[in-house]
Structures are given as C-alpha cells and as structure tokens.
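kindly return the folded structure for what I paste below:
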Amino acid sequence: MALRGALSRLFHSSRHFNHTCQQSRAQSVAVLGAPFSKGQKRGVEHGPKVIRDAGLMERLSNFDFSVHDFGDLNFQHLEEDEPYMDVKFPRTVGAANKKLSGAVRNAVSAGHTLLMLGGDHSLAIGSVSGHAQHCPDLCLIWVDAHADINTPMTSPSGNLHGQPVAFMLKELQDKMPDIPGFSWTKPFLSSRDLVYIGLRDVDPGEYQFLKSLGIQYFTMRDIDRLGIQRVMEVTFDHLLARKQRPIHLSFDIDAFDPSLAPATGTPVNGGLTYREGIYIAEEIHNTGLLSVMDLVEVNPDLGASPEAVEATATLAVDVIASSLGQTREGAHTSMDEIPPGKNDTEKAFDRI
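Numbering: from 1, shown residues only. Purely as a prediction, here's the structure:
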C-alpha cells in the first residue's frame, strides 16, 4: 500500500502539527509499513504485508483508540551504490531512512502513537531519529537477540541491520566514519537512555562498546537469573526514575526463540518465551509512555512452511496488540454499566 493524497501530505509536511510528545496511553495509532530489505537478506521487505494479513488491523479495531493505516512507504534502490568500508548499500539504506525519519517525525507531531512495520532493523536509524526530532528526551528499549551496535570497522558482515544503534549514540560519534547516504543524520541519543533486553548473540566489538559505555543490557542468562518481572523493573528504574518521558520500543522478532518465530533472518536458539515477550510489551504499555514502536525482521521468504510464516506473523501481531493495551484477559472496550443478566432480560420482556 502506498501513501496518497491527504495521507501523503501528513508524512511529508509538519508545518501544521506541533503536538507535545506522547505522555499518556494512545488515543490515536498510526500504522506505517516500511517494506525494505537492503540492510538484511531479501524477503524481509514483505514483512508489513504478512503482519497485516495476520489480522493486525482487525485486532487493533478492538481497542478504544482510533487507528489510521497510512499504508507503506515507497523506497528506491539506487543503481550506483558501491560498498563503503564493506558496508553494503549505504546510499540506498541512507535514503530510505531519511524518508522514514520524516514520516515518523510528522506522525508523532500530529499526535499519533506510531507503529512502524519493517522491514529490516536498519530502519531503526530513521524511525528513532525521526521520533527524536520531535521528542529529544525519548528513551529507547531495544528487544533483540543482537545488540546491533557494530560500526563499519567492527561489523563482520557489512550489513547495516547490525549497525543502527551506532548511528544513534553520541558516545560513538568519533567511531563512525562519514558514510555516504547518512549526512542527514547526527548522533542524538546518550548511552544512558538505552536498554537492551534479550541479547544472546553479541559480536566482540559490540561487547566492548556495551562494557566501555556502561550500557544497561539484559542477556537471556540475565532473564533466566532475574526473571522477566525484575528485568522490567530495573529497565524502568534506569530509564524513567529521573523523569517520565516518551518510550521508543524497537522490537526485533528474533528476540523470540526460533521455535516461536522461525521466519526471520538471523534466528538464535534460546530466546524469549511467548510469556516473556508478551510481558515486556504489557509492562511497556502499562507505563502509558509508549510513543513509537518498531516491529521488524519478519521474513516470510525464510519460513520453512506457510505455517511457520503464519506463526511468526501472528506472534508479531500479539506483541503489537499487547504493547497497545491487549491483556491476557482479552482486549475490552470500556462500558458505562454492567451488561444485563438473565433476570434483567426477563424483567424487560415483562414490561413490554
């Protein structure tokens, strides 16, 4: 789905919007697809479609807030896009993220809580930077099997889906070269404003960054040791103790164990259980501070069967719905009074 007409103007002009950052539960949710794969393996560009096909919009229609599906952004692959320092497709990835950044900024400025459907995780460069342009005091919760904090010098693959956090952190500014396609963005996030949850495949260079910068992170071993409830308590104490501020949740579906989310590009055994992942989403919703959410790395081309693809996409819908207010008692609209019972119905007939 492409953006057209009035919807296109919303994502390409912010002149009329100056809403404050999200500081309460969602009243209006904007859904934006980002079908992009140049930071990862092919196929992940189909993620937005399969997540929608898994019943996303129907699920969101059960909530009290209004829902606006703004379709999918259109991205172009630049023909002349040679690698730079082994970084693959830098200009194409940079241009896509610049476009996404503007769309996210304008949606948040218009007062929406934004849901971005990826696409690969390199898109977080644009998503988080666009959010930060309107909400510079945001904090970032990164749920992922991987830290995605490699620089071009430490990346073993050159894929930009493994490097987005390095573009964001002020403390890594002197570690990042001037990569073609990214002159539009500058570091905007402090390492103290970031928490990782679910790590279990961290490259050596990434580990050094995590330790030297004092970044708060929880590996799967930490989750086993502490329990997911304590992990979330420490997360919120770390990010929100000083003040309440907007939360950006960037959720990679590979945070889950591959038995639950097999249709993804870089699965790693020993991931989150269903209950742990849903608990993370529920607790973030309960803060009332969720402002933008990314759900990325659903890749239907890598599912071994239609059932594997459906299971992964349905899990993505469950995480999204839980982040926006679905509880494990179900999603219930508000009622002014208790529904009538059997006796009430009989009395009503007697009065006729």
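
starting at the chain centroid, how far to stretch 179-197?
The chain centroid and the centroid of stretch 179-197 are separated by 15 Å, computed with C-alpha atoms, centre = their mean, to the nearest Å.

same check on stretch 119-135?
In terms of C-alpha atoms, centre = their mean, the centre of stretch 119-135 is found 9 Å from the chain centre.

pull the CA atoms of it into PDB?
The C-alpha coordinates for stretch 119-135 follow below in PDB (Å, rounded to 0.1, in the frame of the first residue of the first chain):
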ATOM      1  CA  GLY A 119      11.400  -4.400   7.000                       C
ATOM      2  CA  ASP A 120      14.900  -4.900   8.400                       C
ATOM      3  CA  HIS A 121      16.300  -3.400  11.600                       C
ATOM      4  CA  SER A 122      18.400  -0.800   9.800                       C
ATOM      5  CA  LEU A 123      15.200   1.100   9.600                       C
ATOM      6  CA  ALA A 124      15.500   2.000  13.200                       C
ATOM      7  CA  ILE A 125      18.000   4.600  12.200                       C
ATOM      8  CA  GLY A 126      15.200   6.600  10.600                       C
ATOM      9  CA  SER A 127      12.500   5.600  13.000                       C
ATOM     10  CA  VAL A 128      14.300   6.600  16.200                       C
ATOM     11  CA  SER A 129      15.900   9.700  14.700                       C
ATOM     12  CA  GLY A 130      12.500  10.900  13.400                       C
ATOM     13  CA  HIS A 131      11.000  10.300  16.800                       C
ATOM     14  CA  ALA A 132      13.900  12.200  18.500                       C
ATOM     15  CA  GLN A 133      13.400  15.200  16.300                       C
ATOM     16  CA  HIS A 134      10.000  15.800  17.900                       C
ATOM     17  CA  CYS A 135      10.800  14.200  21.300                       C
END
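
mind starting the numbering at 57 from now?
Done: numbering now begins at 57, and the last item shifts to stretch 175-191.

count the neighbours of residue 132 for me.
9 (other C-beta atoms under 10 Å). (Each C-beta comes from the backbone N, C-alpha and C, glycine too.)

which SS class is it?
coil (DSSP: H, G, I helix; E, B strand; the rest coil).

OK, contacts around it?
148, 151 (C-beta atoms under 8 Å, 6 or more residues apart in numbering).

do that again at 7 Å, thanks
Shown in contact with residue 132 (C-beta atoms under 7 Å, 6 or more residues apart in numbering): residue 151.

could you check how far it is from residue 155?
9 Å (C-beta to C-beta, to the nearest Å).

please identify the helix or strand for residue 235.
Using DSSP states H and E, residue 235 sits in no helix or strand.

give the full set of residues in contact with it.
Residues near residue 235 by C-beta under 7 Å, 6+ apart: 140, 143, 146, 208.

just residue 284 next, same as before
For residue 284, the contacting residues are 332, 335-336, by C-beta under 7 Å, 6+ apart.

need the max-distance pair from the contacts of residue 235.
Using C-beta to C-beta, the contacts of residue 235 span at most 8.8 Å, a distance reached by 146 and 208.

of the two, who's got more company?
residue 146 (23 against 19).

need the pLDDT of that one.
Listed pLDDT for residue 146 reads 95.

and the gap between it and residue 240?
Distance, residue 146 to residue 240, using C-beta to C-beta: 13 Å.

so what sits against both of those two?
Contacts common to residue 146 and residue 240, judged by C-beta under 7 Å, 6+ apart, are absent.

circling back: most surrounded residue in the contacts of residue 284?
Most neighbours among those, by other C-beta under 10 Å: residue 336, with 26 neighbours.

would you say that one is within a helix?
Yes. Remark: residue 336 belongs to a helix, assigned using three-state DSSP.

which non-adjacent residue is nearest residue 96?
Among residues not flanking residue 96 along the chain, residue 176 sits closest, at 3.6 Å (C-beta to C-beta, 6 or more residues apart in numbering).

burial of the one you found, as a residue count?
Residue 176: 31 surrounding residues under other C-beta under 10 Å.

residue contacts, it?
By C-beta under 7 Å, 6+ apart, the contact set of residue 176 is 92-93, 95-96, 100, 217, 352-353.

where does it land on pLDDT?
Looking at residue 176, its pLDDT reads 96.

how close does it sit to residue 169?
Computed as C-beta to C-beta, the residue 176 to residue 169 distance reads 23 Å.

tell me what the strand or helix carrying residue 181 is packed against?
Element membership for residue 181 (DSSP H and E) is helix 180-190. Applying 3 or more C-beta pairs under 7 Å, 6 or more residues apart in numbering; DSSP states H and E, we find helix 180-190 packed against helix 146-165, helix 220-224, strand 303-308, strand 346-352.

just the angle between the longest one and strand 303-308, please?
Just to be clear, that refers to helix 146-165. Helix 146-165 and strand 303-308 are oriented at 140 degrees to each other (axes from the mean of the first three to the mean of the last three C-alpha atoms, to 10 degrees).

so which bits of helix 146-165 are buried?
Within helix 146-165, the residues that count as buried by 16 or more other C-beta atoms under 10 Å are 146-165.

quick one: the strands in the chain?
Along the chain, counting by DSSP state E, strands occupy 84-90, 122-128, 169-174, 195-199, 250-255, 272-275, 303-308, 346-352.

pipe those into JSON lines and attach distance to residue 361 per row.
Putting those into JSON lines (distance: least, C-beta to C-beta, whole Å) gives the following:
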{"stretch": "strand 84-90", "distance to residue 361": "24"}
{"stretch": "strand 122-128", "distance to residue 361": "26"}
{"stretch": "strand 169-174", "distance to residue 361": "22"}
{"stretch": "strand 195-199", "distance to residue 361": "26"}
{"stretch": "strand 250-255", "distance to residue 361": "25"}
{"stretch": "strand 272-275", "distance to residue 361": "30"}
{"stretch": "strand 303-308", "distance to residue 361": "22"}
{"stretch": "strand 346-352", "distance to residue 361": "22"}
